[in-house]
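> no sequence on this one, just coordinates:
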């Protein structure tokens, strides 16, 4: 019986350490930010800005490839 109790306590500790957010940090996936209702507007705007910058960077790289070939 003591072993069962110990196993249950160990599983509870593992669950608490694995699930509980210790730092209060929330990470959002920008791929889903534009449609997901739980993502704050500020995060949606920042993700849109990052997507735009990435798109412009890739467009400039493609232009350079076309010029050099």
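Noted; the coordinates are in hand. What you are looking at is a predicted structure, and each value in this text was computed from that prediction instead of being measured. Residues are numbered from 1 along each chain as shown.

> show me where pLDDT drops low in the protein?
Counting by pLDDT under 70, the chain shows low-confidence ranges at 19-22, 69.

> any chance you could map the helices in it?
Here the chain has its helices, by DSSP state H, at 2-19, 30-33, 41-68.

> now the ones you listed in TSV, with mean neighbour count?
All C-beta spots, glycine's among them, are computed from the backbone N, C-alpha and C. Below are the helices of the chain laid out as TSV (neighbours: other C-beta atoms under 10 Å):
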stretch	mean neighbour count
helix 2-19	9
helix 30-33	14
helix 41-68	11
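
> measure residue 51 to residue 8 for me?
Taking C-beta to C-beta, to the nearest Å as the measure, residue 51 falls 46 Å from residue 8.

> Residue 54 now?
Taking C-beta to C-beta, one finds residue 54 at 48 Å from residue 8.

> now do residue 28
35 Å.

> How about residue 56?
55 Å.

> Equivalent analysis for residue 65, please.
For residue 65 relative to residue 8 (C-beta to C-beta), the value is 60 Å.

> Equivalent analysis for residue 67, please.
Using C-beta to C-beta, one obtains 67 Å as the distance from residue 67 to residue 8.

> cool, residue 18 as well?
Separation of residue 18 from residue 8 (C-beta to C-beta): 16 Å.

> now do residue 53
Taken as C-beta to C-beta, the span from residue 53 to residue 8 is 50 Å.

> ok, now residue 2?
Taking C-beta to C-beta, one finds residue 2 at 11 Å from residue 8.

> Likewise for residue 58?
Using C-beta to C-beta, residue 58 is found at 52 Å from residue 8.
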